[in-house]
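J.: What would the 3D arrangement of this be:
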Amino acid sequence: MVLNATQPKDYIDIAEAVSKELVQTAVARDIQAGVPEEEINKLRESGLLSLVVPKQYGGIGATWIDALKVVRKLSKADGSIGQLYGNHLNLTALGHVSGTLEQKEKYYRETAKNNLFWANAINTRDTRLKITPDGENYRLNGVKSFATGVALADLRVFSAVQDGVEIPFFFVIPKDREGLVSNQDWDNFGQRRTDSVSFTFNNVLVYKDEILGPPSPPDNAFATFLGIIAQLTKVNVYLGITKGAFAAAREYTQTNTKPWITSGVETATQDPYILHHYGEFWVELQAAFSLADKAAQQVQVAWEKDVALTPEERGEVAIAVSAAKALATRVGIDITNRIFEVTGTRATATKYGFDRYWRDLRTFTLHDPVDYKLRDIGNWVLNKELPPVTQYS
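T.: Alright, predicted model coming up:
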């Protein structure tokens, strides 16, 4: 059977096939770290790069509900690639949400036509990258951290600050733009194949039409809605990683784990304490999946409102996504840590790579502490105050 990426069932099947390929080499690639060129090539070949590009611009036109299922499937095999692909999907819609009408059409069409891969180093907390006017265009000098997957991206999104201007500039530049140097400094214990290095900018040119926005109308609630989608994308990366840990541990328990010597049973699958742990894992996962899927439906409804989205509607979706993120974080950290309770001492051998699930998840969750999400939810519950509009909500 020939799969067609434009058909809903087929692109889910394609994602499953890519996931099965990735999981075969995930442990070795985690140890190797480095630039994920092989993995990004698989994504290019899969036909999934234009997944959320609307059909009128040549894309697949998937809903965010289905797109996030694809993110979850890829993350189950490899958290690094789930993150890279999730970021890519969000960025392909950046012109739609934060750009002009011309930028929206341009970036959607170019992505679909040329099978382009997107990556970014937006991180507005890092203000070392400076932008200065140069005639009608601009120049960039400085450093930007967490340039996740940028080395392989066809289109690269950055933020920079201009002296005396409070709001940062967001812009899109092509891969062949001169003056960018990768500092090859990504050596964290998790998400090791994201290549989240810093880049140094040496008098890099930015054309005026590469600066995003302003959106039309400039003060609409939809203009910041991509931040909420990015949060839910992270939720599905977390859940994919956790589901991967659960599946790998279950297979190991069924084939390799020995029952405890005082358990009184012959196999690990009969050990009462192991059964108890798996029961807890399953219940936790079902709750987290349910909350994330419900939030995805709310995101899709809000997305379809486009510029008609009200601030109140945006805020209510933000609360739903924050709740899903809080639960996914807690469940993920719990399960990826406790899988060793159901696999045993021998499962700590490096060749199994069971520790990568916790390392990947913990590295990712630290970028946006969930305690602040819980505070926002509590403020909404008690005071009916919606969360503030930031890049993180």
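J.: What's the first helix or strand after the helix or strand where A28 lies?
T.: Assessed by DSSP states H and E, A28 sits inside helix 8-32. Next along the chain after helix 8-32, taking DSSP H and E as the criterion, comes helix 37-46.
J.: Show me what that next one is packed against.
T.: helix 8-32, helix 79-92 (3 or more C-beta pairs under 8 Å, 6 or more residues apart in numbering; DSSP states H and E). Every C-beta, even on glycine, is put in place using the N, C-alpha and C of the backbone.
J.: Show me where the stretch 201-350 of the chain has its helices.
T.: Using DSSP state H, counting those that start in this stretch, the helices found in the stretch 201-350 of the chain span residues 226-255, 272-305, 311-343.
J.: Now do the helix holding A28 and helix 37-46, the angle between them.
T.: Here helix 8-32 runs at an angle of 170 degrees relative to helix 37-46 (axes from the mean of the first three to the mean of the last three C-alpha atoms, to 10 degrees).
J.: what packs against helix 8-32?
T.: The contact analysis (3+ C-beta pairs under 8 Å, 6+ apart) places helix 8-32 against helix 37-46, helix 64-77, helix 79-92, helix 355-365.
J.: Can you tell me which of the helices of the stretch 201-350 of the chain is most buried?
T.: Most buried of the helices of the stretch 201-350 of the chain, by mean neighbour count (mean count of other C-beta atoms under 10 Å): helix 226-255, with a mean of 23.
J.: ok, R192 touching A33?
T.: Yes - the criterion here is C-beta atoms under 8 Å, and R192 meets it with A33 at 4.1 Å.
J.: More neighbours: these two, which one.
T.: More neighbours surround R192 than the other of R192 and A33, with 23 against 16 (other C-beta atoms under 10 Å).
J.: which residues touch V27?
T.: Residues near V27 by C-beta atoms under 8 Å, 6 or more residues apart in numbering: 351-353, 356.
J.: hmm, 7 Å instead?
T.: Applying C-beta atoms under 7 Å, 6 or more residues apart in numbering to V27 gives the contacts 353, 356.
J.: and if you look at T253?
T.: By C-beta under 7 Å, 6+ apart, T253 lies in contact with 268-269, 274, 342-343.
J.: go again using 6 Å as the cut-off
T.: If you count contacts by C-beta atoms under 6 Å, 6 or more residues apart in numbering, T253 has them with 268, 342.
J.: on that earlier part again, could you export the helices of the stretch 201-350 of the chain to a markdown table, including columns for distance to Q83 and mean pLDDT?
T.: Putting these into a markdown table (distance: least, C-beta to C-beta, whole Å; pLDDT from 0 to 100) gives the following:
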| stretch | distance to Q83 | mean pLDDT |
| --- | --- | --- |
| helix 226-255 | 5 | 97 |
| helix 272-305 | 16 | 98 |
| helix 311-343 | 14 | 97 |
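J.: What are the structural domain limits within the chain?
T.: The chain is divided into the following domains under automatic domain parsing: 8-117, 120-210, 221-383.
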